[in-house]
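Chemist: Pasted the sequence and its predicted model underneath.
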Amino acid sequence: MVKNHTLATHVLYVVLWACLFFSACTETDNFQISDNGSEYLIVWAGDEDGKDSDFLAVIDVRRSGSAYGEIIATLPVGAKATMPHHTEYEYPANDTLFANGWVTGQTFLIDLGDPRNPQLIGEFADSDGYSYPHSFARLPDGNVLATFQSEGDRYAPPGGLVKLDSKGFALQSASSRTSDIPDSLNWPYSLTVLPEIDRVVTTSADMGIPPWHQWEYSDTYHVQIWSLGKLELLASIPLPEVEQGPYHIAPSEPRVLPDGSVYVSTFSCGLYRIDGIESDSPKATFVHAFPGSIEMDSVCAVPVVMGNYWIQPVAALPGIIVLDISNPDKPVEVSRLTLGMLFMMPHWTAADRASNRIVITGHEMSWVLIADLDPGTGELTIDNDFREKGASYPGIHFNRTTWPHGETGSAVVHGALFRNK
């Protein structure tokens, strides 16, 4: 993530009143919310003061149950101040989740076969000569493809891709180095895989490393196309500058659309379609701009695709913007979910593939929200029942003293996903 800063989460709670009546809390007239869906929500969290272990939390999200919204289990990973960052974007079929602690370069493997009793079954840092793993994509055979931002034992570009087995051991790797991109701008960040056409699309964004105030960020603007089978770099293409603004800076998250098209979002709040992925001359086309900029309090971060909708966290609102992507050439905004002052810095979204729910978390924040997507209109509605017992505002909040694993104090959250089983 670019332009990273540590934020004190507890100060936001002095403005609770500003959020009690925010527009997102209203429900639609026609869309009927279902009791069906995943039973558990997995949240990757960091101890706020760094004095205790970071941990994974499991929340009961069975709408018809009496424990709805309760944190029923936690798993300390035995490492402090790792800066819990990306998990996998979709729940893995084999129940073993890859979860990254960015600052220490560690990735933890967590068995969620019994979600009420999660188990740490492994971890890795460097792999096949590459370091600082960042994002993960599960392959059809159960293996994992991961972006690594660096090669060697220090944080410096370029990095590469490493194919890992389900236990985190390297099977294959390839460098992202190319004469088409200066090494200083070559930071493999995130990825999406297209097994049907033997392709991988990766982005390049400078994540940075502490001390944050001393880090000089690089204005990256390329994406790369790879052969999935050979793990061979095929093309490196720039995102074009546009007259509307510098929306091409810091390509972040690629996603496959229902028709097989690929969009790439940028931290600077641009959206690009990648054309000709199978050809010798792929290119990027600008299709949309969201409100925001590359500054940390205004970035556009981790989106999710649900049906014909692109769901984009927009920190500048703060909130979520939904696009109808039925025509990938011309995405159309269909709704906005404005969150209000309590829920600043919306950053991560993930889908409940067993229902129409999404989870939303904030960057370096302590809150977790669930929203429902109306598949007919694209409107998002906050789940007001997903809240602490006795609370007058929605969401589960990690600014607490006691956890299932003990009294370790407040935590901040990042990656989160439904256990889609």
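Modeler: Right, received. Where do you want to start?
Chemist: Output stretch 226-235 in CSV, but only the C-alpha positions, please.
Modeler: Extracted in CSV, the C-alpha atoms of stretch 226-235 (Å, rounded to 0.1, in the frame of the first residue of the first chain):
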residue,chain,number,x,y,z
TRP,A,226,2.7,-13.5,-17.8
SER,A,227,2.3,-17.0,-19.0
LEU,A,228,0.8,-19.0,-16.1
GLY,A,229,2.1,-22.4,-17.1
LYS,A,230,5.7,-21.4,-17.9
LEU,A,231,5.7,-18.5,-15.4
GLU,A,232,7.2,-16.4,-18.2
LEU,A,233,7.0,-12.6,-18.4
LEU,A,234,5.4,-11.8,-21.8
ALA,A,235,4.7,-8.0,-21.7
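Chemist: Need the contact partners of that stretch.
Modeler: 139, 145, 161, 163, 172-176, 178, 193-195, 198-202, 224-225, 280-282 (CB atoms under 8 Å, 6 or more residues apart in numbering). (Glycine included, C-beta is placed from N, CA and C.)
Chemist: For stretch 292-304, list the C-alpha coordinates in CSV.
Modeler: Provided in CSV are the C-alpha atoms of stretch 292-304 (Å, rounded to 0.1, in the frame of the first residue of the first chain):
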residue,chain,number,x,y,z
GLY,A,292,-9.7,10.6,-4.6
SER,A,293,-5.9,10.7,-5.1
ILE,A,294,-2.7,9.0,-4.3
GLU,A,295,-2.6,10.5,-0.8
MET,A,296,-3.3,8.0,1.9
ASP,A,297,-6.5,9.5,3.2
SER,A,298,-7.9,9.6,-0.4
VAL,A,299,-6.8,6.4,-2.0
CYS,A,300,-8.9,3.7,-3.8
ALA,A,301,-7.9,0.3,-2.5
VAL,A,302,-9.1,-3.3,-2.6
PRO,A,303,-12.2,-3.9,-4.7
VAL,A,304,-14.4,-6.9,-5.3
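Chemist: what comes into contact with that stretch?
Modeler: The contact list for stretch 292-304, computed with CB under 8 Å, 6+ apart, reads 1-5, 89, 219, 246, 249-250, 252-253, 255, 265-269, 290-291, 310-316, 344-351, 358, 363.
Chemist: I'd like to know which of these are buried.
Modeler: Buried by 16 or more other CB atoms under 10 Å: 1-4, 89, 246, 249-250, 252-253, 255, 265-269, 290, 310-316, 344-351, 358, 363, out of those.
Chemist: can you tell me which of those are in strands?
Modeler: Applying DSSP state E to the buried ones among the contacts of stretch 292-304, the entries found in strands are 252-253, 255, 265-266, 310-314, 346-351, 358.
Chemist: Run through the neighbouring helices and strands of the strand or helix carrying V413.
Modeler: Using DSSP states H and E, V413 falls within strand 411-418. Applying 3 or more CB pairs under 8 Å, 6 or more residues apart in numbering; DSSP states H and E, one finds that strand 411-418 contacts strand 40-47, strand 84-87, strand 96-101, strand 346-351, strand 357-362, strand 367-373.
Chemist: I'd like to know which of the ones you listed lies nearest to L185.
Modeler: strand 84-87 (20.9 Å; CB to CB).
Chemist: how big is the angle separating the strand holding V413 from strand 346-351?
Modeler: Going by axes from the mean of the first three to the mean of the last three CA atoms, to 10 degrees, strand 411-418 is angled at 20 degrees with respect to strand 346-351.
Chemist: Just the CA coordinates for strand 411-418, please, in PDB.
Modeler: What follows is strand 411-418, C-alpha atoms only, in PDB (Å, rounded to 0.1, in the frame of the first residue of the first chain):
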ATOM      1  CA  ALA A 411      -6.200  -4.200  17.500                       C
ATOM      2  CA  VAL A 412      -6.400  -2.900  13.900                       C
ATOM      3  CA  VAL A 413      -7.700  -4.900  11.000                       C
ATOM      4  CA  HIS A 414      -6.900  -5.400   7.300                       C
ATOM      5  CA  GLY A 415      -7.600  -8.500   5.300                       C
ATOM      6  CA  ALA A 416     -11.000 -10.100   5.900                       C
ATOM      7  CA  LEU A 417     -13.000 -12.800   4.100                       C
ATOM      8  CA  PHE A 418     -16.000 -15.000   4.500                       C
END
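Chemist: Give the buried residues for stretch 137-151.
Modeler: Under 16+ other CB under 10 Å, the buried positions of stretch 137-151 are 137-138, 144-151.
Chemist: Excluding chain neighbours, what is closest to D95?
Modeler: G113 (4.3 Å; CB to CB, 6 or more residues apart in numbering).
Chemist: element containing the one you found?
Modeler: Using DSSP H and E, no helix or strand contains G113.
Chemist: how close does it sit to V103?
Modeler: 29 Å (CB to CB, to the nearest Å).
Chemist: who has more neighbours, the two?
Modeler: A direct count of neighbours by other CB atoms under 10 Å for G113 and V103 places V103 higher, at 18 against 12.
Chemist: how close does that one sit to I382?
Modeler: Taking CB to CB, one finds V103 at 32 Å from I382.
Chemist: can you check N186 too?
Modeler: Distance, N186 to I382, by CB to CB: 40 Å.
Chemist: Touching, F418 and V43? I think so.
Modeler: No: with contact defined as CB atoms under 8 Å, F418 does not count as touching V43 (10.5 Å).
Chemist: Now do the same contact list for the residue nearest to G160 when sequence neighbours are not counted.
Modeler: Counting by CB to CB, 6+ apart, G160 lies nearest to S175, which is 4.4 Å off, once chain neighbours are set aside. Each residue near S175 by CB under 8 Å, 6+ apart is listed here: 151, 158-160, 233.
Chemist: for the host helix or strand of P133, the distance to its chain's centre please.
Modeler: Using DSSP H and E, P133 maps to strand 130-138. Centroid separation for strand 130-138 versus its chain: 13 Å, with CA atoms, centre = their mean, to the nearest Å.
Chemist: From the contact counts, what lies against it?
Modeler: Partner elements for strand 130-138 (3+ CB pairs under 8 Å, 6+ apart): strand 84-87, strand 96-101, strand 144-151, strand 160-164, strand 188-194.
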